[in-house]
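Trainee: test case, fold it:
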Amino acid sequence: MERYLNTPIKEIITSFPEVGKILEEYSIGCVPCTLGSCLLKDIVAIHNLAEDKELELMYRIEKTIYPERDIKKPVFKASKKEPDKEIRYSPPMKRLVDEHTLIKKWIGRIPQVIENVDIESESGSQLILDGLDFIRFYADKFHHAKEEDILFDYTDKNLDIIRTILADHEAARGHVKEMLKAIGEKDTNAIIGHLCAYKDLLTEHIKKEDEILYPWIDRGLSTTQVGELFAKFNEAEEKMDKGVIEKCQKFIAEAEQRIENFHRS
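Mentor: Here you go, the predicted structure:
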């Protein structure tokens, strides 16, 4: 089993698809992951399962990989108390989670944009352009920059989970670049395709960060480091153009009405 503990999870799931289903039962979503290069042993550690759940998970995976072996089921005492499902974030991590709330509002409106907006019209194209500005300036330069330039310095950037997050950021930037190109070419199908892909990517990305990455980083931070991180976030935000951030927030507040106006026309 030692061999598989040090094997990228995508390779394991490819060889043993049942392992992917087992992981999903424990709320470990490795199947849709864009890279899947995390080692099995790291995945178990990062998700911080209760001891009894971790033993149970590893037993089931080992039985799936080696069905011919007589593997004894581990004996353990079930947790007397259900773990607290509410995630408690440190102040700097909570700030990142709160920023996700605004990003999710735009993601949630993308289906309405696709359904109701005339992308080939000037006003329809402008709504998409404003949405792309929101992604570029708020989601990327305001939010992702704090992660890449500050937060990840408190981790090992060579870890697969960090590489996966960074790959998501690059993929999102790629979708924005292609959408800008498609708008110039009036390529409606390309715009719709990249909007849908961006929505799917960021939905899964935010879930990974809120439920896995941020809690995992929080567990490794000292009180001093939490304070440092909070101060560095403040310094970074002081350098941001407040007018641009306010414009992004205003865009989200007005986007629903703008989409509704297209629906009525």
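
Trainee: what about residue 50, how many residues nearby?
Mentor: 14 (other C-beta atoms under 10 Å). The way it works is simple: take the backbone N, C-alpha and C, and place the C-beta from them, glycine included.

Trainee: can you tell me the centre-most residue of this protein?
Mentor: residue 205 (1.7 Å; C-alpha atoms, centre = their mean).

Trainee: tell me the pLDDT at the closest residue to that one other than its chain neighbours?
Mentor: Using C-beta to C-beta, 6 or more residues apart in numbering and skipping residues adjacent in sequence, the residue nearest residue 205 is residue 168, 4.5 Å away. We have a pLDDT of 94 for residue 168.

Trainee: you'd agree residue 205 is up against residue 165?
Mentor: Yes - if you go by C-beta atoms under 8 Å, residue 205 and residue 165 touch, sitting 7.3 Å apart.

Trainee: re earlier: now for the residue nearest to the centre of the chain: which residues touch it?
Mentor: By C-beta atoms under 8 Å, 6 or more residues apart in numbering, the residues touching residue 205 are 165, 168, 172.

Trainee: mind doing that once more with 10 Å?
Mentor: By C-beta atoms under 10 Å, 6 or more residues apart in numbering, residue 205 lies in contact with 34, 100, 103, 107, 144, 164-165, 167-169, 171-172, 198, 213.

Trainee: so which of these sit within strands?
Mentor: Nothing among the contacts of residue 205 maps onto strands, per DSSP state E.

Trainee: so which of those residues sit within helices?
Mentor: Counted as lying in helices by DSSP state H, out of these, are 100, 103, 107, 164-165, 167-169, 171-172, 198.

Trainee: lowest-confidence one in the residues you listed?
Mentor: Within the ones in helices among the contacts of residue 205, pLDDT is lowest for residue 164, at 90.

Trainee: shouldn't that residue be in contact with residue 43?
Mentor: No - between residue 164 and residue 43 there is no contact under C-beta atoms under 10 Å: 11.1 Å.

Trainee: show me which of the two is the more surrounded one.
Mentor: Using other C-beta under 10 Å as the criterion, residue 164 and residue 43 rank with residue 43 on top: 21 against 18.

Trainee: quickly find the element holding that one.
Mentor: Counting by DSSP states H and E, the element that carries residue 43 is helix 40-47.

Trainee: what packs against that helix?
Mentor: If contacts are counted by 3 or more C-beta pairs under 10 Å, 6 or more residues apart in numbering; DSSP states H and E, helix 40-47 sits against helix 2-5, helix 9-15, helix 17-25, helix 51-65, helix 160-184, helix 214-220.

Trainee: could you export it as CSV, CA atoms only?
Mentor: The C-alpha coordinates for helix 40-47 follow below in CSV (Å, rounded to 0.1, in the frame of the first residue of the first chain):
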residue,chain,number,x,y,z
LEU,A,40,-2.9,9.9,-1.8
LYS,A,41,-1.2,10.4,1.5
ASP,A,42,-1.3,14.2,1.2
ILE,A,43,-5.0,14.2,0.3
VAL,A,44,-5.8,12.3,3.5
ALA,A,45,-3.7,14.7,5.6
ILE,A,46,-5.1,17.9,3.9
HIS,A,47,-8.7,16.9,4.4
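
Trainee: pLDDT wise, what is the nearest residue to residue 119 once chain neighbours are set aside at?
Mentor: The spatial neighbour of residue 119 that comes closest, neighbours along the chain excluded (C-beta to C-beta, 6+ apart), is residue 188 at 5.0 Å. Per-residue pLDDT puts residue 188 at 91.
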